[in-house]
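S.K.: need a structure here:
(chains A, B and C)
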Amino acid sequence: MLSQSFFNQETEALAYALLGTVLVHDSPNGVTAGKIVEVEMYRGVLDRAAHSFRGIPTSRTHVMFGPPGYAYIYFIYGMHYCLNVVAAADGVGEAILLRALEPLAGIELMARRRRQTHPYPPRISEMKRLTNGPAKLAQAMGITREQYGWPLFNPPLSLYQGQSPVPRLSVAQGPRINVQYAKEAAAYEWRFWLKDNTFVSRR
DNA sequence: TGATCGATGCTCT
DNA sequence: GAGCATCGATCAA
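M.R.: Numbers count the residues shown, from 1 in each chain, chains lettered A, B, ... in the order given. So this is what the prediction gives:
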C-alpha cells in the first residue's frame, strides 16, 4: 500500500506517479481493483478550470485544501460522482482527477454496479465501458459521497504501488477534457495517460 | 465508430 | 437561475 508520505510531492510529479498504481475498494459487497491509466491535474488558483480556483474552501471543496492523499469526490450533472486524489501541501487547493482504470479484480461486481448484463468473462469492449471515464470508474468502484475525505493510504479504499512507476516514455500528455470554459487554462496539457493502454477514455 | 442531445440536481452567483 | 472536471441512447455509416 502507498504510504501517506507518497502523496507529499509536487502535483505534476504526483500525477505521473499515480499512473500504474492500483486503486482498491474493499466494500461490503466485495473487492474491486483497477490500475490507474489516465489522470488530470487541477491546480488551484493557477487554474481557472479547478473547483478551487477562487482560493476559498467551500462545503464542496474543503478537502481539496487539506493535506494530500485524501479523496476529493464531487457530484456532477445531477447524477455522477468523480474521484480525485488531493495533491499539494495543506492549505493549497490542488487535486488529481482519476479518469480511467484498467479493471484488475472484481469485474463481475463492477459490471453489476454499472448495470451491464453481459456474460462473464466480458469482451474487451465491454470491459472498457466499465471504467473508461471518471464517473464510470467511480460507479464501478462503488464510490459515492460516503468516501468524501477518505485517506487513500488506508483501507478499505486505498492505493497500491502495483507496477508503478511507469517509464516516462510510455506516458502521453494533452489538454484536459471538457474544460473549454476555462479560457487560458483550457489549453494547458494537464491530462496524462498511458500511451499504449486500451482502457484510457480518449487518445 | 463517431456525432448529437437530453437527463438531472447540486453549487455558487 | 445558470452552468457543470459526464454518460447513455439514438442515429448515421
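S.K.: the helices in chain A, which residues?
M.R.: A:11-18, A:107-113, A:124-131, A:134-140 (DSSP state H).
S.K.: can you find the helix or strand of chain A with the lowest average pLDDT?
M.R.: Least confident helix or strand, chain A: helix A:124-131 with a mean of 94, by mean pLDDT, DSSP states H and E.
S.K.: hmm, that one touching DNA strand B?
M.R.: Yes - contact of helix A:124-131 with DNA strand B (C-beta under 7 Å from any atom of the strand) involves A:Ser125. For glycine as for every other residue, the C-beta is placed from the backbone atoms N, C-alpha and C.
S.K.: helices or strands up against that helix?
M.R.: strand A:94-105, helix A:107-113, helix A:134-140 (3 or more C-beta pairs under 8 Å, 6 or more residues apart in numbering; DSSP states H and E).
S.K.: just give the nearest non-adjacent residue to A:Glu184, would you?
M.R.: Nearest non-adjacent residue to A:Glu184, counting by C-beta to C-beta, 6 or more residues apart in numbering: A:Arg48, 6.9 Å away.
S.K.: list the buried ones in the longest strand along chain A?
M.R.: For chain A, the strand with the greatest residue count under DSSP state E is strand A:30-43. Buried residues in strand A:30-43, counting neighbours by 16 or more other C-beta atoms under 10 Å, are found at A:Thr32, A:Ala33, A:Gly34, A:Lys35, A:Ile36, A:Val37, A:Glu38, A:Val39, A:Glu40, A:Met41, A:Tyr42, A:Arg43.
S.K.: residues contacting the fifth one?
M.R.: Right, the one you point to is A:Ile36. When contacts are counted by C-beta atoms under 8 Å, 6 or more residues apart in numbering, A:Ile36 touches A:Leu18, A:Leu19, A:Gly20, A:Thr21, A:Val22, A:Leu23, A:Leu98, A:Ala100, A:Leu101.
S.K.: residues making contact with the least confident helix or strand of chain A?
M.R.: With C-beta under 8 Å, 6+ apart, helix A:124-131 has contacts from A:34, A:100-103, A:107, A:110-111, A:114, A:116, A:118, A:122, A:136-137, A:140-141, A:198-199.
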